[in-house]
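S.K.: Please work out how this folds:
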Amino acid sequence: MVRPVVKKRLPNDQYLFVNGLAAISSFMAREGITDLGEALGEFLHEAERFHLSKDQTMEDYLKMKAKEKTLRYNTELKE
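M.R.: Residues are numbered from 1 along each chain as shown. Now for the predicted structure:
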């Protein structure tokens, strides 16, 4: 029996939803924020400010990183 080969190398849920939240929890601890909604809003605001200081929007940075990761994960971005 021939089985199709899965070529995608996707990150698992542990990586995304546990390890991926490390930056948010670190930001919450640094800023003394306990409310998740407030933390997410402030995190995004500060991230945008940081990236603008590097002459790039956060959105452009994230698009660039996502495009790079499509090579690693064998995926494509939706336009």
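S.K.: Okay, now the unreliable bits of the chain?
M.R.: For the chain, applying pLDDT under 70 flags the ranges 6.
S.K.: quick one: buried residues of the helix or strand containing M64?
M.R.: Element membership for M64, per DSSP states H and E: helix 58-73. If you call a residue buried by 16 or more other Cβ atoms under 10 Å, then helix 58-73 has these buried ones: M58. Placement of C-beta: from N, CA and C, glycine included.
S.K.: Check stretch 35-46 too.
M.R.: In stretch 35-46, counting by 16+ other Cβ under 10 Å, buried: 39, 43.
S.K.: Could you export it as PDB, keeping only the C-alpha atoms?
M.R.: Coordinates of each C-alpha in stretch 35-46 appear next as PDB, following Å, rounded to 0.1, in the frame of the first residue of the first chain:
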ATOM      1  CA  ASP A  35      -4.700  41.100  33.400                       C
ATOM      2  CA  LEU A  36      -4.100  39.200  30.200                       C
ATOM      3  CA  GLY A  37      -6.100  41.600  28.000                       C
ATOM      4  CA  GLU A  38      -4.200  44.600  29.300                       C
ATOM      5  CA  ALA A  39      -0.900  42.700  28.900                       C
ATOM      6  CA  LEU A  40      -1.600  41.800  25.300                       C
ATOM      7  CA  GLY A  41      -2.600  45.300  24.400                       C
ATOM      8  CA  GLU A  42       0.500  46.800  26.100                       C
ATOM      9  CA  PHE A  43       2.800  44.200  24.700                       C
ATOM     10  CA  LEU A  44       1.600  44.900  21.100                       C
ATOM     11  CA  HIS A  45       1.900  48.600  21.600                       C
ATOM     12  CA  GLU A  46       5.400  48.400  23.000                       C
END
